[in-house]
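Colleague: sequence first, then the predicted structure:
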Amino acid sequence: MTLRIDWQPTVRAGTLFASAAVLAACMSVPLTASASTQTTQPAAAPAAPAVPQGPFQLPALPYAYDALSGVIDAQTMELHHQRHHGAQVTGLNTALANAPQLAGLSLEQLLARSSTLPPAIRNNAGGHWNHSVFWTIMAPEGARGEVSPALMAAITRDFGSLDGLRDQFRAASMNRFGSGWSWVVVGADGRLVVGSTPNQDNPLMDDSPLHGTPILGSDVWEHAYYLRYQNRRAAYVDAWWSLVNWGEVSRRYEAAVAGGAS
Ligand code: MN
């Protein structure tokens, strides 16, 4: 008997499961009953509930899945983007379909009233915003730009140096117990602040203790790094710093101090 094996790993929350095809092959079990023994048609599957296609969409990555593979492997990037972020977009659209009073609000408007939102909308809105920014503030080598003079002046003022900022950011990433994000934000007084938020919260949420306009954020959920780094969050955090797209972070900083939304 020859079985064709399709290797289709299904990964959720950092756990690998072999596909049914592989398991069946290992056990020498036919995948389907032969024609002679299949006497009844399978019952039609119940119709899946319609998945709203909007109003929010999964943005395309601005680079290939393997473009950051010196630090983050392609499989992690694809799963993180398509499965994790994709599920948040779907979850947000599905939850909003049952909340007509929120129709037409932008993602930022939803976050600004997070304290009033049901958990499914709050968490998925946060996740959609966080990941959408995360993809753009990383870049492949050669496309990371430079820290602008204005941002460097603010970093020097508030942290002493770029290394000082990196050290505080690293500490925030390591001190976040469990899942969450670490951030650099422009606070209400215009100064830069480093901190972290739990789960999919972010500094735009009205009830976030860390409040301000994020210019840089890093995902420290295990799904962001587990395939390559396993439990070694510090190794991921240190390597991640080399991916920062300083051109985009500088653009976000200048938009924030100008008072414009970004
Ligand atoms: Mn994530």
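Modeller: Received it, and whenever you're ready, just let me know what you need.
Colleague: please tell me the pLDDT value assigned to the residue nearest to residue 147 when sequence neighbours are not counted.
Modeller: With sequence-adjacent residues excluded and distances taken as CB to CB, 6 or more residues apart in numbering, residue 147 is closest to residue 246, at 4.7 Å. (Each C-beta comes from the backbone N, C-alpha and C, glycine too.) Looking at residue 246, its pLDDT stands at 98.
Colleague: what's residue 246 in contact with, if anything?
Modeller: Under the criterion of CB atoms under 8 Å, 6 or more residues apart in numbering, the contact list for residue 246 reads 144, 145, 146, 147, 148, 151.
Colleague: residues in contact with the second one?
Modeller: The reference is to residue 145. Taking CB under 8 Å, 6+ apart, we find residue 145 in contact with 139, 245, 246, 247, 248, 250.
Colleague: ok, of the contacts of residue 246, which come out buried?
Modeller: Neighbour counting by 16 or more other CB atoms under 10 Å classes 144, 147, 148, 151 among the contacts of residue 246 as buried.
Colleague: what about those, which are in helices?
Modeller: Applying DSSP state H to these, the entries found in helices are residue 151.
Colleague: can you redo the buried ones among the contacts of residue 246 as a markdown table with distance to residue 203 and pLDDT?
Modeller: Shown next, in a markdown table, are the buried ones among the contacts of residue 246 (distance: CB to CB, whole Å; pLDDT from 0 to 100):
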| residue | distance to residue 203 | pLDDT |
| --- | --- | --- |
| 144 | 23 | 98 |
| 147 | 21 | 98 |
| 148 | 21 | 98 |
| 151 | 17 | 98 |
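Colleague: ok, back up a step: and of the contacts of residue 246, the nearest to the ion?
Modeller: residue 144 (20.7 Å; CB to the ion).
Colleague: so that closest one sits against residue 250, correct?
Modeller: No - judged on CB atoms under 8 Å, residue 144 makes no contact with residue 250 at a distance of 10.8 Å.
Colleague: the ion next: which of the buried ones among the contacts of residue 246 are close?
Modeller: With the criterion set as CB under 5 Å from the ion, no member of those is near the ion.
Colleague: what's the closest of the buried ones among the contacts of residue 246 to residue 186?
Modeller: residue 151 (10.1 Å; CB to CB).
Colleague: what separation do you get for that closest one and residue 251?
Modeller: Between residue 151 and residue 251 the computed distance is 9 Å (CB to CB, to the nearest Å).
Colleague: for residue 148, give me its contacts.
Modeller: For residue 148, the contacting residues are 246, 247, 250, 253, 254, by CB under 8 Å, 6+ apart.
Colleague: ramachandran coordinates for it?
Modeller: phi -70, psi 160 (degrees, to the nearest 10).
Colleague: just the helices in the stretch 151-262 of the chain please.
Modeller: For the stretch 151-262 of the chain, applying DSSP state H, counting those that start in this stretch gives helices covering 162-175, 226-229, 233-240, 246-257.
Colleague: now do the first one: everything it contacts.
Modeller: Which is helix 162-175. The contact list for helix 162-175, computed with CB under 8 Å, 6+ apart, reads 147, 152, 155, 158-159, 182-184, 192, 194-196, 216, 218, 220, 233-234, 237-238, 241.
Colleague: hmm, try it at 6 Å
Modeller: With CB atoms under 6 Å, 6 or more residues apart in numbering as the test, helix 162-175 has contacts from 155, 159, 182, 194, 195, 196, 220, 237, 241.
Colleague: count of neighbours near residue 224?
Modeller: Neighbours of residue 224 under the rule other CB atoms under 10 Å: 23.
Colleague: and the closest residue in space to it that isn't next to it in sequence, how far is that from residue 74?
Modeller: What sits nearest to residue 224 in space, not counting adjacent residues and going by CB to CB, 6+ apart, is residue 80, at 6.2 Å. With the distance defined as CB to CB, residue 80 ends up 11 Å from residue 74.
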